[in-house]
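K.L.:
Quick one: sequence plus predicted model below, questions after.
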Amino acid sequence: MVEMGLTPTDRWHLLGKHGCHYVESAEFVETREFDELALIRPELGIPGVPSDVGGPDARWCRHCEDTIDDMRSRRYNAVGNMKSQVPYRDISWQTVDCAGDCPWCGKADSATQYDDYLDETVCPACAWKYNNGPDVEDPPETDLRQEKPTDEVDPVRYTYYTGNADRPPDEPSPSESHEQARQRAADEHRPYVEVKIKAKYADVVCDHPSLAKMRTA
Ligand SMILES: [Zn+2]
Ligand SMILES: [Zn+2]
């Protein structure tokens, strides 16, 4: 939410982070929370002003209107950008307790809607826009944000010998514990493969799903 204030001249201005540089706070006769969703005039698609205070000519100051326009175009771009990268639609946004700037439109103290799939906490207006705004032409079928390992990525491999199996004499003992190896893989953004050699067979633990079919030989 953003605070908004009404001056005696019937102009509404934004307060706080996006505050108007053209008024003094002492001039306000009324302050409200700027709730875009409540103030959108459907026929015009632009935010109006509260109807229960101020005269019939009450409206936004033009500088603040520019600020709101700017937030709306940022939102438009952010939503379009996200929709071009992820397949998730019709999000069931959850309301969370979060007072922070909205990462999409930049509105201050507004990020209250969270979604697991998107892993984004955004303001209610942005959340609404994501579900109700236009879609991109070719929505992706997978989440393109996730890093895909290439064939060149060399996994960190850790080999154990248990039961009756002995480490071959020509194979050097590992210089780190398997916890250290796993941590190193995470640090270096490499897959981690654990091979546990037993007397007759080996257990293979892969930390990356795409490597589940990797051969151990
Ligand atoms: Zn203003
Ligand atoms: Zn937002």
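P.N.:
Nice, I can see it. All values reported here derive from a predicted model rather than from experimental measurement. Numbering: from 1, shown residues only. Ligands and ions are numbered 1, 2, ... in the order given.
K.L.:
Please enumerate the helices of the chain.
P.N.:
Taking DSSP state H as the test, the helices found in the chain are 36-39, 62-83, 124-132, 178-187.
K.L.:
Can you tell me which of the ones you listed is nearest to ligand 2?
P.N.:
helix 124-132 (3.3 Å; C-beta to the ion). (Each C-beta comes from the backbone N, C-alpha and C, glycine too.)
K.L.:
do that closest one and ligand 2 meet?
P.N.:
Yes. Helix 124-132 lies within reach of ligand 2 by C-beta under 5 Å from the ion, at Cys126.
K.L.:
what angle do that helix and helix 62-83 make?
P.N.:
Relative orientation of helix 124-132 and helix 62-83, computed by axes from the mean of the first three to the mean of the last three C-alpha atoms, to 10 degrees: 40 degrees.
K.L.:
Report the buried residues of helix 124-132.
P.N.:
124-130 (16 or more other C-beta atoms under 10 Å).
K.L.:
what does the domain assignment say about the protein?
P.N.:
2-70, 156-211 (automatic domain parsing).
K.L.:
How about the residues of the chain by ligand 2?
P.N.:
By C-beta under 5 Å from the ion, the residues of the chain that approach ligand 2 are 102, 104-105, 107, 123, 126.
K.L.:
Confidence-wise, which of these comes last?
P.N.:
Lowest-confidence member of the residues of the chain next to ligand 2: Lys107, scoring 90 (pLDDT).
K.L.:
Could you check how far that one is from ligand 1?
P.N.:
Separation of Lys107 from ligand 1 (C-beta to the ion, to the nearest Å): 16 Å.
K.L.:
isn't that residue right up against Met4?
P.N.:
No. Assessed by C-beta atoms under 8 Å, Lys107 is found out of contact with Met4, at 11.9 Å.
K.L.:
Put the alpha carbons of stretch 104-123 into PDB.
P.N.:
C-alpha atoms of stretch 104-123 as PDB (Å, rounded to 0.1, in the frame of the first residue of the first chain):
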ATOM      1  CA  TRP A 104       7.500  -5.800 -10.000                       C
ATOM      2  CA  CYS A 105       6.000  -2.300  -9.900                       C
ATOM      3  CA  GLY A 106       8.300  -0.900  -7.200                       C
ATOM      4  CA  LYS A 107       5.500   0.200  -4.900                       C
ATOM      5  CA  ALA A 108       6.600   0.600  -1.300                       C
ATOM      6  CA  ASP A 109       5.400  -1.500   1.600                       C
ATOM      7  CA  SER A 110       3.100  -3.400  -0.700                       C
ATOM      8  CA  ALA A 111       4.400  -6.900  -1.200                       C
ATOM      9  CA  THR A 112       1.800  -9.100   0.400                       C
ATOM     10  CA  GLN A 113       1.000 -11.800  -2.100                       C
ATOM     11  CA  TYR A 114       3.200 -14.800  -2.400                       C
ATOM     12  CA  ASP A 115       3.300 -17.800  -4.700                       C
ATOM     13  CA  ASP A 116       5.500 -20.900  -4.400                       C
ATOM     14  CA  TYR A 117       5.800 -21.700  -8.000                       C
ATOM     15  CA  LEU A 118       6.800 -18.200  -9.000                       C
ATOM     16  CA  ASP A 119       8.700 -17.700  -5.800                       C
ATOM     17  CA  GLU A 120       7.700 -14.100  -5.800                       C
ATOM     18  CA  THR A 121       6.200 -11.800  -3.200                       C
ATOM     19  CA  VAL A 122       4.400  -8.900  -5.000                       C
ATOM     20  CA  CYS A 123       1.700  -6.300  -4.300                       C
END
